[in-house]
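*Asks:* just a sequence and a predicted model for now, questions to come.
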Amino acid sequence: MEKLQELEEYLEKNSKITDDEEAIKDFEEQAKKFSINQIPEEDESEFEEQDIPVVESRRQLIDDFEIYHNIFVDNSASTWQYAKKVDIIKPYNLRGTANAVRYAEQRQKKIRGLGSRHSFSLAPSTDDYYVVLDKTFKYSTATHNEDVKNLDQDSLDLIKSGYDKEKYFDVPCGMSISDINDVLCPDNPNLKPIGGTRRSMFNMGGGDVQTFAGAFSTGTHGSGGKHSAYHDTIRSLVLVASKGEIYRLEPKDGITDPAKYEAYYNENPGLTKPKLIQNNDLFYSSLVSMGCFGIMYSAIIEVQEMKLLHEDAYYHKGQKKGDAWNEEFKKNFKKPFLPDPEEEEEFFYIQLNPYKLKKNREHSLLIKKIKPTVIPGSGKQVTQRKFWPSVFANSGFAVNVIRTIANAGKFPKRRFIEQAISAQNDHDGEGGGYTDITYKVWNAGSGKLKSFGTAIEFAFPVHRVPAVLDLLFAFLDQSGDMGMGYYFNAPIALRFVRAGKAYLAPNYEVSGDGKKVKEWCYIEILRVNSKNVNDDQKELELFHHIQRMFTAMGGRPHWGLNFNFEFSVEYLQKTYPKFNPWLKAYQKFNSTGVFENGLTRSMRIS
């Protein structure tokens, strides 16, 4: 611990760095000098996923739920303007969740579900109460084999004939993506997967720290594959709406057999019975509803047989003439990147340096191509993934040091970002690439960034992306000359997502101008926070300007990755052809206004 403090003090005192590559070399040399090889895990606990601290003395036991009074809630990056002390309600079961909603209504209070606090937007904000669902199911990796036996999967016995229930998993909505992966396919031969067969989700976002409800309800996604986004894999959803009314929502041709459903609850009168509704408008509205419709309790998702994936990462350095971000490469965006038919799975990512190393060169880029493989030994046996930002901390160094380097010295951070991109290249020489089970390959490490990084993300039809990025790069060139803080210090990420049916998902299949879109490209802009609050304020200025610029170009913001985006009914009607049916569903499920919050007020639908 003392050695770590000495190293951080050295870097703080010697932050007048003139070259970013030299900064990283200096960092490594000083680490050796101070004999730091591995930082104990607890030294980075400030930046790891943590439960909200609840105080037992503030706990009150009511009808099937616990309530903790005056608990301070913020996200780990401390970006929530609405962070404050609120009451946290923890139901024991479905009935307790309904009672929690009624409890709020009786007191004329507002209530919202709360996940892992990964969002930067207004979506998770509440006026009064948060509902946390971690007591509605029991799962821990320490008691895995016992817990998977007790996860309730009875709903799968009620699906229609002809459906294979092995292709589905009923997920508790308060479960984290990480735990879902462990339940479906534990990376330990002594642990048994639920159902007895190793399975996986169809895709995953860049990290696994989010709760499932928080992820799918804001439109979180991966890149490529048959189903690109979480919400596109949901086949049935249990929702607790206003007045404590409980629904099982499915499309018109839903998987649940109504006759089996009625018979099951007639035989089990003591169970809490959701009302089964099979309706396209209500179902496709509810998938991406940002918590505005109520508390999402559980969801049946489609899963697949576990498979190995092989990833190749190719770095293309910006040259005067080369295959980086040039006119020839931009022609690729004239058609979808992902294969047709969709069963030919391919996962595709691009990272770009938003700054040119020299004015007469192009922007460097990294291309990641991932495909299923049946060869267990294919590729390098990598023991530690290369991804941003761990490329600068792959010996376990403290993230405070990364933040120092990422915000010190020359700016914009051209070479620092170049190092982040080039260091991921794993295709030089024989036997390149990386092979592992699906969720390990999909995990890009962004969950670690939630504590010291901020981001915005917008979706565009693929063919529009070159024009959008060229305008963005021109803006960043100008803003980078404005001084410390007015720059970005991480690669820009492009992810490719097939069109979906969820009405307010950024990848909804019809654009605002009424045209069918086959594939969307999500542009994510990320920044590692400075330890200087003035720098962070400048960062928000950049984000707000870019949000306005992207909106003018027809982009759709990620519901969880935006900063106080200026939504309105007029904007949403213009951007989403199915907004009016979504609004009708909102008025049905939030008839008492109990789920209103900062987001619904910004949308002006409260």
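*Replies:* Happy to help now that I have it.

*Asks:* so the nearest residue to residue 348 once chain neighbours are set aside, which state does it fall into?
*Replies:* Nearest non-adjacent residue to residue 348, counting by C-beta to C-beta, 6 or more residues apart in numbering: residue 224, 4.7 Å away. Glycine gets a C-beta too; all of them are placed from N, C-alpha and C. Here residue 224 is recorded as coil under DSSP: H, G, I helix; E, B strand; the rest coil.

*Asks:* am I right that residue 224 is in contact with residue 345?
*Replies:* Yes - at 7.3 Å, residue 224 counts as touching residue 345 under the criterion of C-beta atoms under 8 Å.

*Asks:* between the two, who's got more neighbours?
*Replies:* Using other C-beta atoms under 10 Å as the criterion, residue 224 and residue 345 rank with residue 224 on top: 26 against 19.

*Asks:* on that earlier part again, from residue 205, how far out is the residue nearest to residue 348?
*Replies:* Distance check for residue 224 against residue 205: by C-beta to C-beta, to the nearest Å, it reads 13 Å.

*Asks:* do the same with residue 444
*Replies:* Look at residue 444 and residue 205: by C-beta to C-beta, they are 8 Å apart.

*Asks:* repeat that for residue 369.
*Replies:* From residue 369 to residue 205 the distance is 19 Å (C-beta to C-beta).

*Asks:* neighbour-wise, which of those two wins?
*Replies:* Each of residue 369 and residue 205 has its neighbours counted (other C-beta under 10 Å); residue 205 has more, 24 against 17.

*Asks:* leaving out the residues flanking it, which one is nearest to that one?
*Replies:* residue 220 is the one closest to residue 205 (C-beta to C-beta, 6+ apart), at 4.7 Å.

*Asks:* spit out the contact partners of the one you found.
*Replies:* Counting by C-beta atoms under 8 Å, 6 or more residues apart in numbering, residue 220 touches 205, 210, 214, 229, 230, 558, 560.

*Asks:* one more pass at 10 Å, please.
*Replies:* 118-119, 177, 203-207, 210, 212, 214, 229-231, 288, 457, 505, 558-561 (C-beta atoms under 10 Å, 6 or more residues apart in numbering).

*Asks:* quick one: it from residue 502, how far?
*Replies:* Distance from residue 220 to residue 502, by C-beta to C-beta: 12 Å.

*Asks:* for those two, list the residues in contact with both.
*Replies:* Joint contacts of residue 220 and residue 502 (C-beta under 10 Å, 6+ apart) are 229, 230, 231, 288.

*Asks:* packing partners of the helix ranked longest in the chain?
*Replies:* As assigned by DSSP state H, the longest helix anywhere in the chain is helix 533-552. Contacts defined by 3 or more C-beta pairs under 10 Å, 6 or more residues apart in numbering; DSSP states H and E place helix 533-552 against strand 453-461, helix 465-479, strand 519-528, strand 556-557.

*Asks:* avg pLDDT for the first one?
*Replies:* The predicted model gives strand 453-461 an average pLDDT of 93.

*Asks:* picking up where we left off before, identify the contacts common to residue 224 and residue 205.
*Replies:* With C-beta under 10 Å, 6+ apart, residue 224 and residue 205 have common neighbours residue 495.

*Asks:* quick revisit: check what pLDDT the residue nearest to residue 348 gets.
*Replies:* 94.

*Asks:* pretty sure it is touching residue 369, no?
*Replies:* Yes - using C-beta atoms under 10 Å, residue 224 makes contact with residue 369 at a distance of 9.1 Å.

*Asks:* any residues in contact with both of these two?
*Replies:* 337, 346, 347, 348, 349.

*Asks:* for the second one, give its distance to residue 372.
*Replies:* In other words, residue 346. In terms of C-beta to C-beta, residue 346 sits 9 Å off from residue 372.

*Asks:* ditto for the fourth one
*Replies:* Residue 348 sits at a distance of 14 Å from residue 372 (criterion: C-beta to C-beta).

*Asks:* those two - which one has more neighbours?
*Replies:* residue 348 (18 against 14).

*Asks:* report the angle between the host helix or strand of that one and helix 465-479.
*Replies:* Per DSSP states H and E, residue 348 falls inside strand 347-352. Here strand 347-352 runs at an angle of 30 degrees relative to helix 465-479 (axes from the mean of the first three to the mean of the last three C-alpha atoms, to 10 degrees).

*Asks:* for strand 347-352, packing partners?
*Replies:* Strand 347-352 packs on strand 308-316, strand 365-373, helix 414-422, helix 438-442, helix 465-479, strand 492-498, strand 519-528, going by 3+ C-beta pairs under 10 Å, 6+ apart.

*Asks:* I'd like these as TSV, with distance to residue 82 and mean pLDDT appended.
*Replies:* Supplementary listing: these in TSV, determined by distance: least, C-beta to C-beta, whole Å; pLDDT from 0 to 100:
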stretch	distance to residue 82	mean pLDDT
strand 308-316	39	89
strand 365-373	36	92
helix 414-422	32	83
helix 438-442	31	91
helix 465-479	28	94
strand 492-498	27	96
strand 519-528	21	93
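
*Asks:* of all those, which one comes closest to residue 270?
*Replies:* helix 438-442 (37.0 Å; C-beta to C-beta).

*Asks:* and the closest one, how far out from the chain middle?
*Replies:* Distance, stretch centre to chain centre, for helix 438-442: 14 Å (C-alpha atoms, centre = their mean, to the nearest Å).

*Asks:* now for it, which elements pack on it?
*Replies:* helix 177-184, strand 199-200, strand 308-316, strand 347-352, strand 365-373, strand 434-437.

*Asks:* do you know which of these lies nearest residue 61?
*Replies:* helix 177-184 (26.0 Å).

*Asks:* buried residues, that closest one. List them.
*Replies:* 177, 178, 179, 180, 181, 182, 183, 184 (16 or more other C-beta atoms under 10 Å).

*Asks:* ok, now stretch 283-302?
*Replies:* 283-302.

*Asks:* pull out the CA atoms of the longest helix of the chain and give them to me as CSV.
*Replies:* Provided in CSV are the C-alpha atoms of helix 533-552 (Å, rounded to 0.1, in the frame of the first residue of the first chain):
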residue,chain,number,x,y,z
VAL,A,533,-13.6,18.8,-11.3
ASN,A,534,-13.1,21.7,-13.7
ASP,A,535,-12.0,19.3,-16.4
ASP,A,536,-15.2,17.2,-15.8
GLN,A,537,-17.3,20.3,-16.3
LYS,A,538,-15.6,20.9,-19.7
GLU,A,539,-16.2,17.3,-20.6
LEU,A,540,-20.0,17.8,-20.0
GLU,A,541,-19.9,20.8,-22.3
LEU,A,542,-18.4,18.7,-25.0
PHE,A,543,-21.0,15.9,-24.4
HIS,A,544,-23.9,18.4,-24.6
HIS,A,545,-22.7,19.9,-27.8
ILE,A,546,-22.2,16.5,-29.4
GLN,A,547,-25.7,15.4,-28.3
ARG,A,548,-27.2,18.4,-30.1
MET,A,549,-25.1,17.8,-33.2
PHE,A,550,-26.0,14.1,-33.3
THR,A,551,-29.7,14.9,-32.8
ALA,A,552,-29.6,17.3,-35.7
